[in-house]
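A.B. asks: give the three-dimensional model of this entry:
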Amino acid sequence: MKSNYYAMLFRMKYINRWALMRNLRPETLSEHTLETAFIAHCLAVIAKRRFGEDINPDRVAVAAMFHDTAEVITGDLPTPVKYYNDEIKAAYKSIEAAAEDKLLDLIPEDLRDDFLPCHRPDELTEKYVKAADKFSALIKCREEISLGNKEFEKAAKSSEKAVKALNLPAADVFLKEFVPAFDVGLDESMK
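C.D. replies: As a prediction, the model looks like this:
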């Protein structure tokens, strides 16, 4: 059976994020999801190793890879618009769900059950994916600011506040141990 599923997913590289902001370095949805998967995996490893959480880092990383796939259909709606009010938020969630259903319909039926946890992860997995997504935004903001783009200063403050509000011990560790390295150059990173 012919399937267009992956052809659709591979269109993520054509979707730019942060559309309403001036970007000194554009970021595609593909870049974002890979970086979010890296972070999600790390957060889950920290949670498992340092805090004894019963979590599967590989499952979390895979769920993060798929967390924004619906945007190949919906596009990337900027956060301030997406959460402008409850009515818009609810409408967008409905649109996202319909897009997700459409993508799942593209998967051959005999394989679909194996893809469901990627698109609809359990609550614990989802918590770590959402945390990683917030870190991805924070890191993007810090990178833009380091390039002299002041437009990202407010978004950086908002993103850092969101990260701290997670009340997730693994997120606190990631913020302290990994995020500061994004503010230094290559030579300092190699130390």
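A.B. asks: how close does E160 get to P169?
C.D. replies: Taking Cβ to Cβ, to the nearest Å as the measure, E160 falls 17 Å from P169. All C-beta spots, glycine's among them, are computed from the backbone N, C-alpha and C.
A.B. asks: do E126 as well
C.D. replies: 17 Å.
A.B. asks: which strand or helix spans the residue nearest to F178 when sequence neighbours are not counted?
C.D. replies: Spatial nearest neighbour of F178, excluding adjacent residues (Cβ to Cβ, 6 or more residues apart in numbering): C42 at 7.0 Å. Following DSSP states H and E, one finds C42 within helix 29-51.
A.B. asks: ok, the residue nearest to V45 when sequence neighbours are not counted - contacts?
C.D. replies: Leaving out its chain neighbours, the residue that sits closest to V45 by Cβ to Cβ, 6+ apart is P57, at 4.8 Å. For P57, the set of contacting residues under the criterion of Cβ atoms under 8 Å, 6 or more residues apart in numbering consists of H41, A44, V45, K48.
A.B. asks: got it, and G148?
C.D. replies: Residues counted as contacts of G148 (Cβ under 8 Å, 6+ apart) are L24.
A.B. asks: what secondary structure does it sit in?
C.D. replies: coil (DSSP: H, G, I helix; E, B strand; the rest coil).
A.B. asks: look up phi and psi at it.
C.D. replies: Recorded main-chain torsions at G148 are phi 100, psi 10, according to degrees, to the nearest 10.
A.B. asks: the residue most central in space within the chain and S189, how far apart?
C.D. replies: Ranked by distance to the mean C-alpha position of the chain (Cα atoms, centre = their mean), the top residue is D133 at 3.2 Å. Applying Cβ to Cβ, the value for D133 to S189 is 23 Å.
A.B. asks: now do K176
C.D. replies: According to Cβ to Cβ, K176 and S189 sit 17 Å apart.
A.B. asks: likewise H67?
C.D. replies: For H67 relative to S189 (Cβ to Cβ), the value is 27 Å.
A.B. asks: hmm, who's touching the helix or strand of the chain with the lowest mean pLDDT?
C.D. replies: Across the helices and strands of the chain, mean pLDDT, DSSP states H and E gives its lowest value to helix 186-189, namely a mean of 73. Under the contact criterion Cβ under 8 Å, 6+ apart, helix 186-189 has outside partners A181.
A.B. asks: now do stretch 128-147
C.D. replies: For stretch 128-147, using Cβ under 8 Å, 6+ apart, the contacting residues are 17-18, 23-25, 27, 32, 35-37, 39-40, 43-44, 47, 55, 60, 63-64, 67, 79, 121, 151-153, 155-156, 159-160, 162-163, 166, 168, 170-171, 174-175, 179, 182-183.
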